[in-house]
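Colleague: coords below, sequence missing:
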């Protein structure tokens, strides 16, 4: 019975940490994205759509331990949409980094690599669609760091 109680307590602690992480990234994203945009002329100003995408990405991390691939899918979709709409590079990318790390840490290498590869391909949409700092093929290498580095750390 003690082992069962310890497992339940550990799960509650992990869930509490995930809530703190998601809320911290939500608040940081909402507050810091405007500042990031101030240093990126030509980026779209922060508006309600931007805030909703930041919220989806951050709050999706609440499910990261129980559904890492679904979490990565939601975060990738929100982040890619955000970047395609030319919002400034900023804290939303941290949610993508954590989602990739979680998939790599929680799944066997092959399924984690497939999920991360799919997320990376979707993330690349903004490189060819938007007018970011490194559009086209020149942007592939910098964008790959957001998938390769957390994947390597997670594995």
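Modeller: Alright, I've got the coordinates. Bear in mind the structure is a predicted one, so any value in this text is a computation, not a measurement. Numbers count the residues shown, from 1 in each chain.
Colleague: Next, the buried residues of the lowest-mean-pLDDT helix or strand in the chain.
Modeller: Least confident helix or strand, the chain: helix 125-129 with a mean of 77, by mean pLDDT, DSSP states H and E. Applying a neighbour-count criterion of 16 or more other Cβ atoms under 10 Å, one finds 126-127 buried in helix 125-129. (C-beta placed from N, C-alpha, C; glycine too.)
Colleague: what comes into contact with stretch 104-117?
Modeller: Stretch 104-117 is contacted from outside by 65, 68-69, 72, 100, 103, 147, 150-155, using Cβ atoms under 8 Å, 6 or more residues apart in numbering.
Colleague: Counting by contacts, list what the least confident helix or strand of the chain packs against.
Modeller: helix 68-84, helix 140-154 (3 or more Cβ pairs under 8 Å, 6 or more residues apart in numbering; DSSP states H and E).
Colleague: Please identify the buried residues of the longest one?
Modeller: Neighbour-count burial for helix 68-84, with 16+ other Cβ under 10 Å as criterion, is recorded at 68-69, 71-83.
Colleague: which regions of this structure lie under the pLDDT threshold?
Modeller: 1-7, 130-139 (pLDDT under 70).
Colleague: Try it again at 80.
Modeller: Residues of the chain meeting the criterion pLDDT under 80: 1-7, 126-143.
Colleague: Quick one: list the elements packing against the lengthiest helix in the chain.
Modeller: When the chain is parsed with DSSP state H, its longest helix is helix 2-38. Other helices and strands packing on helix 2-38, by 3+ Cβ pairs under 8 Å, 6+ apart, are helix 48-60, helix 92-106.
Colleague: Give me the contacts around the shortest one.
Modeller: In this structure, residues lying in contact with helix 48-60 by Cβ under 8 Å, 6+ apart are 22-23, 25-26, 29-30, 33, 44, 71, 74-75, 78-79, 81-82, 85, 87, 91-92, 95-96, 99.
Colleague: now stretch 73-80
Modeller: Stretch 73-80 is contacted from outside by 53-54, 56-57, 60-61, 92-93, 95-96, 98-99, 118-119, 122-123, 125-126, using Cβ under 8 Å, 6+ apart.
Colleague: returning to what we had before: are any of the contacts of stretch 104-117 buried, and which?
Modeller: Applying 16+ other Cβ under 10 Å to the contacts of stretch 104-117 flags 65, 68-69, 72, 100, 103, 147, 150-151, 154 as buried.
Colleague: between these, which is nearest residue 9?
Modeller: Proximity of these to residue 9 (Cβ to Cβ) peaks at residue 65, which lies at 15.0 Å.
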